[in-house]
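Q: Have a look; sequence and predicted model below, questions after that.
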Amino acid sequence: MRKGTLSLYAALNTRTGEVLGRATERHSSEEFIAFLASLVAVQPKDQEIHVIVDNLSTHKTRRVEEFLGLHRAVQSHFTPT
């Protein structure tokens, strides 16, 4: 743990109001991809998933880009810098 700090990933299903979340001790691209995969797993096939993320480098790695390439329904929207 980073001096008591956790990373929180959260998603809101705007149709149902359901919130899906996960807390992790690290904030790496692997944890981010695992969270995205958990979202894809519970959504209907080909359901669009829009993810709003900050410009942290872990959201822009090659592994994340590969995941997004395989899951075209997932679209990232970055907050302004």
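A: On my side now, so go ahead. Numbers count the residues shown, from 1 in each chain.

Q: And the helices in this protein?
A: Remark: helices assigned in the chain by DSSP state H are 29-42, 62-70.

Q: Just the residues contacting the last one, thanks.
A: Around helix 62-70, the neighbours that count as contacts under Cβ atoms under 8 Å, 6 or more residues apart in numbering are Ser29, Glu30, Phe32, Ile33, Leu36, Ala37, Thr58, Val74, Gln75, Ser76. From N, CA and C alone the C-beta is placed, and that goes for glycine too.

Q: do the same with the longest one
A: Applying Cβ under 8 Å, 6+ apart, the external contacts of helix 29-42 come out as 7, 9, 11, 20, 22, 24, 49, 51, 58-59, 61, 63-64, 67, 71, 73-74.

Q: Determine the angle, from 0 to 180 degrees, between it and helix 62-70.
A: Orientation check (axes from the mean of the first three to the mean of the last three Cα atoms, to 10 degrees): helix 29-42 against helix 62-70 gives 20 degrees.

Q: And the average pLDDT for helix 29-42 is what?
A: Across helix 29-42, pLDDT averages out at 95.

Q: can you check the shortest one too?
A: Average pLDDT, helix 62-70: 97.

Q: Buried by neighbour count: which residues of it qualify?
A: Going by neighbour count (16 or more other Cβ atoms under 10 Å), the buried part of helix 62-70 is Val64, Phe67, Leu68.

Q: Against Gly4, how distant is the residue nearest the centre of the chain?
A: For the chain, Leu36 is the residue whose C-alpha lies nearest the centre (Cα atoms, centre = their mean; 4.2 Å). According to Cβ to Cβ, to the nearest Å, Leu36 stands 26 Å off from Gly4.

Q: Same check on Gln47?
A: Relative to Gly4, and taking Cβ to Cβ, Gln47 is found at 36 Å.

Q: Looking at these two, which one has more neighbours?
A: Gln47 (13 against 5; other Cβ atoms under 10 Å).
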